[in-house]
Structures are given as C-alpha cells and as structure tokens.
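[1] next one to model:
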Amino acid sequence: MSSPRAEPDLILRNADIHTMDARRPRAAALAIRDGRINAVGSDAEMSALAGPASRVVDLRGRMVLPGLVDVHSHFVWAGRAELYEVRFAPTLSLDQILDQVATAAAKEAADGWVVGGIWGSPLLDSLNSSEARHRLDVAAGGRPVMLRDDSHHNRWVSSAALRIAGIDDATPDPVNGTIVRDPNTGAATGLLLESAGILVEGVLAESQAREPQRDVDAALHALKRFNAYGITATQESLSTRTVMQAIRALDDSGRMTAWVVGSMPVVETAIAHGDFGAMLFDDRECYRSRHFRPDAGKILLDGVPTMARTSAMLEPYLPDARHGCCFRGGTMLTVPQLARALADCEARGIAVKIHCAGDAATRAALDAVEVLRTFNGPGLAHHIAHASFIDPVDVPRFAELNVVADLSPMLWFPGVIVEAIRAAVPKDRVDHFWPNRDLHEAGALLAGGSDWPVVSDPDPWLGMQGMVTRRDPTGRFPGALWPEQALDVATVLRIYTINGARALNLADEIGSLEPGKSADLIVIDRDLMAVPAEQIAGTRVLATYFEGRLVHGTER
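    Below is the predicted model:
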C-alpha cells in the first residue's frame, strides 16, 4: 500500500478492484480524499486509515473499474439530438421516415425547422429524385427539413431548406461535396453529400446560435447519459466554437461530470459550419477550464465507404451507374498538405484526430505522419479514426509512428452500416476489415469510442462485447465479422480505460486507480472476467464516481 496523504473522506471496501495499474493490478479496497485516490490496498489496510469522518461503503464483492473513456464522441450534438430533434432508427423505410417528419412538423411553427435523423445509407437511391423531395415537402407542410444519414456525412433536405440555403438547380457543387441532381431532370433532389451539407448546416447553425443555453443543456444531458454507462472522460471529436462555448459554460457552472478533450477543426470540414484552424487555435485558451482541455484537432481526410462512396480506397468500389467500374474515391487533402497541417498543429501542441474510413486514406495519413517524423523526430500521438479498412502492410506502421487506432466498434459489427458498405465494397474486403487483433499484436495503442450520435446509443458495453465476439450484441444481425480478429476481455477493458487515457494525454490524471489520480471509478453488477462473453453487453453500472462524487447510481 502506498502511504496515504491524509484521513480519507470515503473508503470503498470488500470489492474486486481491477486497477489497470501494472504495479498493483488487483485490490480489495481504496480510499478517496478531496476527489483524489488516497490509497489502494487490502480491506485491513484501508480500514486502518479510517477516521471519525470517513464514510465506509461495503461493495459486497462487486467488480470495480476505472471510469471508462470514450475517445470519439460528439456529445453536445448528441444531447441536442435527444432533447430537441426528431430521432428515428436507420432501419426505417422512406414511408416510415415521412410519418416521423409529419408528426414532428405538426409541433413546429409554420416556418420552424424539422431537424434530425438518422436515415440509413441503403435509402440513398430512393431519396435521389424530385418526387422523393416533394413527398418530404408534403410531410413537413412546406417547412424546412434537414435529416442526417447514418454516417452524419450526408443530408436530405426539403425544398424550403434548399431555398433558405440559396441552393437551386444551377448551384455549383462545393469542393469535396455534391449537390445530387435528379438523373432525369437535373433538378437538385435535396440530397447533399459531404461538404454540400454545410450549405444548409451553416444556415441552421446561425439560427441555433441565438439559443446558446440549449447547447449547455444538451451537454449536461449527454454527460448524464455517459455517466449512466460508466463513462467519465471523452474526446469531443469536432469542437466548433459553439460546442466549446457550451462545454466551458457548463464547467463554469460546476456541473461537469467528465473530463473532455476538445478537437478543433484544423481545416474547413464537410460536416460542421464555422471557424477552423488558426481562427480557433488562437482563441482556445478562452475555452480552457478545469475539466475541458481544447488540446486536439480534427481533420476529415475522406468520407464514408457506403453507397455515397466518399471514402478513399486502394481498390475500386463495386461498379455502379454514377461512378463506373474503377472508382476509388479520394482524400480531401494530399499527403504534403496533410503533413504541413500536422506540422503546424504539432508546433502549437495540438494532437490531431484524422478521420480515415478507407484504406487509401489510412495510408495517406500514415504517410503524412511519417513525413512529419522524418523532419521533426518523435512528436505527439495523432489518431486515426476509425481505423477500419487497413492494408496489412500498414498495420505495423501505427506502432512505428506512434499513431493511435481510434476504434468505433458499434460502427462495424454486423449492422445497418456494414450492410450499406456491402452494397458498395466487394464482399471479401468487407469480410476482412477492422483488424483489431493484428493492430494489438503489432503494438499499436488501441482506444475505444462510440462516435455518438452517429450511433444512436453510446453504450460502451455493446462495443466491448462486439470486440470480443465480433458479432452484433443485439442479435438483430446474424453472423460474425472476421472472428479471428477478436480480442480478449482483459485487453478490451484496457482499451476503454488506461489506453483511452493515454490516447487523450490524460494518463497522469485518469485511466487507472492509483494514488494521486482523480477518483473516477465505476461499480458494476457482474464479474466480466467470469461471465460468458455474450453477457458483457448486459452490464449495468451500479455506481459512477467522478472526482470522488457519486454522479450516477447509489452506494448501496
């Protein structure tokens, strides 16, 4: 037992504590004082520390873990979606979506926006017509509508939304985006791919900026949802100015219940409106607070490998009428452009999360980091998200270049998004992606994230079970996806705790239960090392502590 600093405020005893501290991986009790872990050891050792004011809680043998880390979320957007937007599953048909829109529109003013989602990528062809847009207009009663797809990279909007955004049939496509046209008439259908969505998102953002308290409330709501799943730290993965303002305001009010690392857009992004690069970097200290660290950047290097085919692939997509037989997509920056952007960020102490859904984008990101390392030597640990399609020759480069593999398991185990990918990418390649075991065995730092609200639920226990079984934990989609890439439970628990803390450069503060660190921990209802892997997703968090405060559940 390490020497305590003072009499504890709280002692948790009779527990099965998995500390994630290699020097003392297991313990039975721990003591907390002033929001910090004071000591870790046996029941007898902790009982000896108790003073007259110490509270002692018997956990009855329950499993205790460090607070979980979600390294990829958009939690303010997610909170806004749950509080204020129309929400539906990506499995809905077009008719069902229109019913949802009609119900939501009836509650809005005549000129009020209907915003939400998510529609499934397999609907892309069904939405690509003036007739479909007309049906949307009727359902909304002529109101402006913007609905996001299951990747959050693409939008379907109504005629009123097109008009407000200044989009007509002659509007040119923006860089890295497409205003989809009716193949028969040439009219804009309301489908906006990648950066074309900004034309409408920008108008909507200006409207929402007039109600900043909504974003603060959304952030609070989302953090409570995180806490209920045991999450006490996250990387907000596209931190616009309004997002950072909301997080800072929430922390200033004393209501933050998680550590947050912000990821400012490095270049103009396809899915968020507002300032980027130096316009934000120069102001980031204005948003820094006790629990919010605006120390990361975000670059979207490509799009998504669904029917939109906006990801950059080494081998061609399946042939289709619009792209032909040899289409591979492309990146939004060249390797020299990306290397320069990373160098500029490193000079400011900013680690960058790079969205790479295709294997060509992943290779380009690794090539850019290699250029950076060649000139500057060892540097910050940049992330590749979502580390899905990776050519085998690139797997060892993650560890060699100190690049974090930001995994989003809820996006890849058998489900709607995977089925959408199968419609665009050859089967043998879809059957062999997300090489998690290969990355782990090659020494890469793996960390887990949800990409919420791209997935409708940020439940990390679903992600953990998927990584262990390579199957859909919900049972809705059969089959296993490259089962040879399964990881064991102990490795997955580290991915969601100490690995996540290291990925966020917070390992001195969180990620393991050892003296001096923040007292962020969870008590769960089962022994994950003993139950069948198929029961991981059913895990319930009985109590979540953040800085020694109970922020979810009960102590008994």
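
[2] and stretch 22-42, average pLDDT?
    Averaging pLDDT along stretch 22-42 gives 97.

[3] pLDDT below threshold where in this structure?
    The model of the chain has pLDDT under 70 over residues 1-5, 209, 270.

[4] check contacts around the most centrally placed residue in it.
    Residue closest to the average C-alpha location in the chain (CA atoms, centre = their mean): Asp451, at 2.3 Å. Asp451 is in contact with His72, Ser73, His74, Ser237, Ala385, His386, Ser408, Met410, Leu411, counting by CB atoms under 8 Å, 6 or more residues apart in numbering. The way it works is simple: take the backbone N, C-alpha and C, and place the C-beta from them, glycine included.

[5] the fifth one: neighbouring residues, count only.
    By other CB atoms under 10 Å, 27 other residues sit near Ala385.

[6] now swap in the second one and tell me
    Neighbours of Ser73 under the rule other CB under 10 Å: 27.

[7] tell me the contacts of it?
    Counting by CB under 8 Å, 6+ apart, Ser73 touches Ala222, Phe226, Thr234, Gln235, Glu236, Ser237, Gly449, Ser450, Asp451, Trp452, Pro458.

[8] what kind of secondary structure is the fourth one in?
    The assignment at Gln235 comes out as strand when based on DSSP: H, G, I helix; E, B strand; the rest coil.

[9] quickly note the distance from it to Ser130.
    According to CB to CB, to the nearest Å, Gln235 and Ser130 sit 41 Å apart.

[10] more neighbours: which of these two?
    More neighbours surround Gln235 than the other of Gln235 and Ser130, with 32 against 18 (other CB under 10 Å).

[11] partner residues bridging the more buried one?
    Gln235 has these beta-bridge partners by DSSP bridges: Val261.

[12] distance of Val455 relative to Ala205?
    23 Å.

[13] settle it for me: which of the two has more neighbours?
    Val455 (24 against 16).

[14] would you list the phi and psi of Arg55?
    Here is the backbone geometry of Arg55 (degrees, to the nearest 10): phi -90, psi 140.

[15] measure the closest residue to it other than its chain neighbours to Ala44 for me?
    Of all residues not flanking Arg55 in the chain, Leu10 sits nearest, at 5.0 Å (CB to CB, 6 or more residues apart in numbering). From Leu10 across to Ala44, the span is 17 Å (CB to CB).

[16] again with Ala109
    Distance from Ala109 to Ala44, by CB to CB: 66 Å.

[17] who has more neighbours, those two?
    It is Ala44, of Ala109 and Ala44, that has more neighbours when counted by other CB under 10 Å, with 11 against 8.

[18] mind checking which helix or strand the more buried one is in?
    Using DSSP states H and E, Ala44 maps to helix 43-47.

[19] count of neighbours near Trp178?
    Careful, residue 178 is Thr; it's not Trp. When neighbours are counted by other CB under 10 Å, Thr178 registers 18.

[20] quick one, phi/psi of it?
    When read as degrees, to the nearest 10, the backbone of Thr178 gives phi -140, psi 130.

[21] report the contact partners of it.
    Contacts of Thr178 by CB under 8 Å, 6+ apart are Leu192, Leu193, Glu194, Ala196.

[22] show me what the lengthiest strand in the chain is packed against.
    Longest strand in the chain, counting residues (DSSP state E): strand 292-300. Packing contacts for strand 292-300, counted by 3 or more CB pairs under 8 Å, 6 or more residues apart in numbering; DSSP states H and E, involve helix 241-252, strand 259-265, helix 335-347, strand 351-356.

[23] would you list the ones you listed in a markdown table and tack on distance to Asp391 and mean neighbour count?
    Listed next are the helices and strands packed on strand 292-300 as a markdown table, based on distance: least, CB to CB, whole Å; neighbours: other CB atoms under 10 Å:
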| stretch | distance to Asp391 | mean neighbour count |
| --- | --- | --- |
| helix 241-252 | 34 | 21 |
| strand 259-265 | 26 | 25 |
| helix 335-347 | 15 | 18 |
| strand 351-356 | 12 | 26 |
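
[24] let's have the ones you listed in TSV, adding distance to His432.
    Converted to TSV, those look like this (distance: least, CB to CB, whole Å):
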stretch	distance to His432
helix 241-252	36
strand 259-265	29
helix 335-347	25
strand 351-356	17
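
[25] which of these sits closest to Ala308?
    Ala308 lies closest to strand 351-356 among the helices and strands packed on strand 292-300, at 14.2 Å (CB to CB).

[26] any idea which helix or strand comes after that closest one?
    Moving toward the C-terminus from strand 351-356, the next helix or strand (DSSP H and E) is helix 359-376.

[27] report all helices and strands that that next one contacts.
    Other helices and strands packing on helix 359-376, by 3+ CB pairs under 8 Å, 6+ apart, are helix 335-347, strand 351-356, strand 383-386, helix 397-400.
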